[in-house]
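Trainee: let me see the structure of the following:
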Amino acid sequence: MYEKKATIVKQIGLHARPATFLIQKANEFKSSIWIEKDERRVNAKSLLGVLSLGVAKDMTINIIADGPDEVTAVDTLCELISSDFEE
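Mentor: Modelled structure (predicted):
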C-alpha cells in the first residue's frame, strides 16, 4: 500500500470535469485506488464517489493505492492534481 497527500489547486475544486479526468487516469492502473478526505474514503475510479467528497480548492486529499502499480498510480494522480489537470 502506498499513499500521498495532494492539494487541489483547481479553482472549482474537484468538480465534474476535473473529477472525470482524475477517474479516467485512475482507470489506467490495475491497482485499487482510493481518495480520502476527512477520514472518508471513496473509490477513485467512481465518479459518484469522488464527487460525493465535495473537494474544494485548497483542500488536501490523501490518495491511496494498493496493487502492482501502486506507486506509479499515486504519483501520476498527484502530478495530475498539481498540474491543475493539464495533461
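Trainee: backbone phi and psi for the residue nearest to residue 16 when sequence neighbours are not counted, please?
Mentor: Using C-beta to C-beta, 6 or more residues apart in numbering and skipping residues adjacent in sequence, the residue nearest residue 16 is residue 51, 7.0 Å away. From N, CA and C alone the C-beta is placed, and that goes for glycine too. For residue 51, the backbone dihedrals (degrees, to the nearest 10) come out as phi -60, psi -30.
Trainee: quick one: residue 51 and residue 19 touch, right?
Mentor: Yes: if you go by C-beta atoms under 8 Å, residue 51 and residue 19 touch, sitting 5.7 Å apart.
Trainee: more neighbours: these two, which one.
Mentor: Neighbours per residue (other C-beta atoms under 10 Å) separate residue 51 from residue 19, with residue 19 holding more: 23 against 16.
Trainee: how far does the helix or strand where residue 18 lies sit from its chain's centre?
Mentor: In the assignment (DSSP states H and E), residue 18 maps to helix 16-26. Centre-to-centre, helix 16-26 and its host chain are 8 Å apart (C-alpha atoms, centre = their mean, to the nearest Å).
Trainee: so what's residue 3 bridging to?
Mentor: Residue 3 has these beta-bridge partners by DSSP bridges: residue 64.
Trainee: hmm, residue 66 and it touching each other?
Mentor: No: at 9.3 Å, residue 3 and residue 66 do not qualify as touching, with contact defined as C-beta under 8 Å.
Trainee: centroid-wise, who is the farthest residue in the protein?
Mentor: Distance from the centre of the chain peaks at residue 68, with 17.8 Å (C-alpha atoms, centre = their mean).
Trainee: list the residues that contact the closest residue to that one other than its chain neighbours.
Mentor: If the residues on either side of it in the chain are set aside, residue 68 comes closest to residue 30, at 5.5 Å by C-beta to C-beta, 6+ apart. Listed by C-beta atoms under 8 Å, 6 or more residues apart in numbering, the contact set of residue 30 reads 67, 68, 69.
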